[in-house]
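1. Test case, fold it:
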Amino acid sequence: MRQELLSLPKGLAEEVSKNLVMVARLIDEDPEQAYAYSRIALRLASRVAAVREAAGFAAYATQKYSEALAEFRAAKRMTGSVELWPVMADCERGLGRPERALAMAGEPEVQKLDKAGQVEMRLVAAGARRDQGQLEAAIVTLQSPELASSSVQPWTARLRYAYADALLAAGREDEAREWFGKTLEADKDGATDASDRLAELDGVEFVDAAVDLADVDVDADIDADIDADIDEDEDDDEGDDPAEIAAAERASDVAEYYDEDDEEYEPLEQSEADSDADAEDDRA
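-> The predicted model follows:
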């Protein structure tokens, strides 16, 4: 890519390079943003094969398969390389044309691919078979020396996973469990969810350690505590003297309304009973 960018003026090459770096950085975590950067690079340098390829992968990541296929074809014409052949075939699948993907799997270009490319092409072809409802044919397509090999390569986990998934779809559960286990052995980076699939087959359910408050009836617990407090208060009140209660209520009223520091304070009107009680105290 560096060699291709050297064909551009220095300032333009730097600008294109910055956008391509952002595409690579964001394509997994934020494909839409990566796609936006790829369009900028494409507008600046559409005649650079690396730019067309990056734009193709960004479009592919956002499921814009027609656009991705056009960019990959352009990159292939510019470089003469066949390394994009598998992803081009997968774009055909994305466009709902699995028969074209299968046709591409039989083209001479496949023989020019390296081992990783050939395995990728096998995965695409098996996916196309499944698109057509041909599960057994998909299983046969994945059966290969690479699948049978005990050595672990970068493609091993994905190949074993695809095989296990096809077996499970065909109702061959015991074999699928075996191959999900083999996938787990090869998947050191956790690129697949083989462990979850195995647990699902074994009937194991994972529960989040964090308590889901939505499943806890917090309101019911609070209501129960409040009811208990009220019952306790009512029990305590049963032995109280009515006269003492009335006196306490009057004191409470005064405490609530009386502020001796307030110059505008006016005493509350006394009740008739309170007036009689005060008059009797005066006579005494």
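2. Low-confidence regions, the stretch 151-284 of the chain specifically.
-> Along the stretch 151-284 of the chain, segments meeting pLDDT under 70 span 205-284.
3. Tell me how many other residues crowd Arg197.
-> 21 (other Cβ atoms under 10 Å). Quick note: C-beta positions are derived from backbone N, CA and C, even for glycine.
4. List the contacts of it.
-> Contacts for Arg197 were tallied using Cβ atoms under 8 Å, 6 or more residues apart in numbering; they are 164-165, 168, 180.
5. And the residues you listed, which is closest to Ala101?
-> Distances from Ala101 to the contacts of Arg197, taken as Cβ to Cβ, are shortest for Asp165 (17.8 Å).
6. ok, now which ones touch that closest one?
-> 176, 197.
7. Checking it next. Helix, strand or coil?
-> Assigned by DSSP: H, G, I helix; E, B strand; the rest coil, the conformation of Asp165 is helix.
8. coming back round to it: next, format the contacts of Arg197 as a markdown table and append distance to Leu8.
-> Output for these, formatted as a markdown table (distance: Cβ to Cβ, whole Å):
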| residue | distance to Leu8 |
| --- | --- |
| Ala164 | 46 |
| Asp165 | 44 |
| Leu168 | 50 |
| Phe180 | 48 |
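9. Go through those residues and name the one nearest Val21.
-> Distance to Val21 across those (Cβ to Cβ) is lowest for Asp165, with 34.4 Å.
10. ok, how many other residues are close to the residue nearest to Met121 when sequence neighbours are not counted?
-> Spatially, and ignoring its direct neighbours in sequence, Met121 is nearest to Pro86 (4.5 Å; Cβ to Cβ, 6 or more residues apart in numbering). By other Cβ under 10 Å, 25 other residues sit near Pro86.
11. The one 5 residues further on too?
-> Here the number of neighbours of Cys91 (other Cβ under 10 Å) works out to 28.
12. And the pLDDT at Met1?
-> pLDDT, Met1: 70.
13. need the contact list for the closest residue to it other than its chain neighbours.
-> Closest residue to Met1 apart from its sequence neighbours, by Cβ to Cβ, 6+ apart: Ala50 at 4.0 Å. Taking Cβ under 8 Å, 6+ apart as the contact definition, Ala50 lies against 1, 4-5, 20, 75.
14. Tell me where the stretch 1-150 of the chain has helices.
-> Ranges of helices within the stretch 1-150 of the chain are 2-5, 10-26, 31-44, 49-61, 65-79, 85-94, 98-105, 115-131, 135-142, 145-148, based on DSSP state H, counting those that start in this stretch.
15. Is it possible to get CSV of those that adds distance to Asp189?
-> What follows is the helices of the stretch 1-150 of the chain, written out as CSV (distance: least, Cβ to Cβ, whole Å):
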stretch, distance to Asp189
helix 2-5, 28
helix 10-26, 18
helix 31-44, 20
helix 49-61, 19
helix 65-79, 25
helix 85-94, 21
helix 98-105, 27
helix 115-131, 16
helix 135-142, 21
helix 145-148, 19
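16. closest to Glu173 out of those helices?
-> Of the helices of the stretch 1-150 of the chain, the one closest to Glu173 (Cβ to Cβ) turns out to be helix 135-142, at 13.6 Å.
17. If you count contacts, what does that closest one end up packed against?
-> Applying 3 or more Cβ pairs under 8 Å, 6 or more residues apart in numbering; DSSP states H and E, we find helix 135-142 packed against helix 115-131, helix 156-169.
18. and these as JSON lines, adding distance to Leu198?
-> Converted to JSON lines, these look like this (distance: least, Cβ to Cβ, whole Å):
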{"stretch": "helix 115-131", "distance to Leu198": "21"}
{"stretch": "helix 156-169", "distance to Leu198": "9"}
